[in-house]
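Trainee: Quick one, what's the 3D model for this:
(2 chains)
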Amino acid sequence: GENVEQHPSTLSVQEGDSAVIKCTYSDSASNYFPWYKQELGKRPQLIIDIRSNVGEKKDQRIAVTLNKTAKHFSLHITETQPEDSAVYFCAADDPFGNEKLTFGTGTRLTIIP
Amino acid sequence: EAGVAQSPRYKIIEKRQSVAFWCNPISGHATLYWYQQILGQGPKLLIQFQNNGVVDDSQLPKDRFSAERLKGVDSTLKIQPAKLEDSAVYLCASSLDLRTDTQYFGPGTRLTVL
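Mentor: Just a heads-up that it's a prediction; the model follows:
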């Protein structure tokens, strides 16, 4: 099955700076890669996703890049704000598993005011 | 649009007791997922339903965990008997159907086993 590794596990960034979180996956046939944000005690919420037919996707301050050859994808947050503080999870689908998602272990992002 | 609903939000039990969690997916969503999220880890899929049929339960500890979705809408997840290592947040998620990747999560049930 799919294996997803996520780095770093914790990340502290000055407010206004950029943050980058990276994930690698094992199954080259995976084609859907979502990112979820989970604030303390709350549900994971989808913030952006990318499919294998594109290399980059942006939504305001958030962008995701995908390198299928290297089997890694990254989340980029620019102009960080205190409300960006949360745990971020990447995931990859199992192409033979009926859209089953395998999640990374999470990155705790702290924005320092 | 109402989101995924779960209850209870919190549950504390002693080991060897039984517990059940309930999930109501977004209206019209055919696919329902139960995840276990241990503190500091990402969600791990336990079971996936398409309507009232099981699609994947390969990571469900079937000796103590069971789940059902009898009418293809609400679902219950049961643990009997509970162990200390079952302490976790149990998340329910739903998606429109198997061809739609986007999963929407409920608030979760935080289970503490003493």
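Trainee: What about residue 41, how many residues nearby?
Mentor: Reading this off chain A. Using other CB atoms under 10 Å in any protein chain shown, A:G41 has 10 other residues around it. From N, CA and C alone the C-beta is placed, and that goes for glycine too.
Trainee: That was the other one, I meant chain B.
Mentor: If we define neighbours as other CB under 10 Å, then B:Q41 has 14 of them.
Trainee: repeat for A:H76
Mentor: Neighbours around A:H76, by other CB under 10 Å: 17.
Trainee: can you list the residues of chain A near chain B?
Mentor: Within chain A, the positions near chain B by CB under 8 Å from any CB of the partner chain are A:4, A:6, A:32, A:34, A:36, A:42-46, A:49, A:89, A:91, A:93, A:97-106.
Trainee: Now do the contacts for B:P107.
Mentor: With contact taken as CB atoms under 8 Å, 6 or more residues apart in numbering or on different chains, B:P107 is in contact with A:K42, A:R43, B:V4, B:Q6, B:R9.
Trainee: Any idea what the fourth one is bridged to?
Mentor: For B:Q6, the residues forming beta bridges with it (DSSP bridges) are B:C23.
Trainee: Bridged to the residue in chain A that chain B sits nearest to, which residues?
Mentor: Residue nearest to chain B within chain A: A:F103 (3.3 Å; CB to the nearest CB). Applying DSSP bridges to A:F103 gives these bridge partners: A:A91.
Trainee: Could you list the paired strands of the helix or strand that contains A:V13 along with their orientation?
Mentor: Using DSSP states H and E, A:V13 sits in strand A:10-14. Within its sheet, strand A:10-14 is paired with strand A:107-112 (parallel), according to DSSP bridges.
Trainee: Find out how far the helix-or-strand element of chain B with minimal mean pLDDT is from the centre of the chain, if you would.
Mentor: The helix or strand of chain B with the poorest confidence is strand B:53-56; it has a mean of 92 (mean pLDDT, DSSP states H and E). Mean-position distance between strand B:53-56 and its chain equals 13 Å (CA atoms, centre = their mean, to the nearest Å).
Trainee: mind listing what's buried in it?
Mentor: B:V55, B:D56 (16 or more other CB atoms under 10 Å in any protein chain shown).
Trainee: Give me the contact status of it with chain A.
Mentor: Yes. Applying CB under 8 Å from any CB, one finds strand B:53-56 touching chain A at B:V55, B:D56.
Trainee: pretty sure B:L46 is touching B:Q59, no?
Mentor: Yes. The criterion here is CB atoms under 8 Å, and B:L46 meets it with B:Q59 at 5.9 Å.
Trainee: ok, those two, which is more surrounded?
Mentor: B:L46 (20 against 15).
Trainee: Who are the contact partners of the more buried one?
Mentor: B:W34, B:Y35, B:Q36, B:D57, B:Q59, B:L60, B:F65, B:A67, B:L77.
Trainee: For PyMOL, what selects the buried ones among these?
Mentor: Selection of buried members from the contacts of B:L46 for PyMOL, criterion 16+ other CB under 10 Å:
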select buried, chain B and resi 34+35+36+57+60+65+67+77
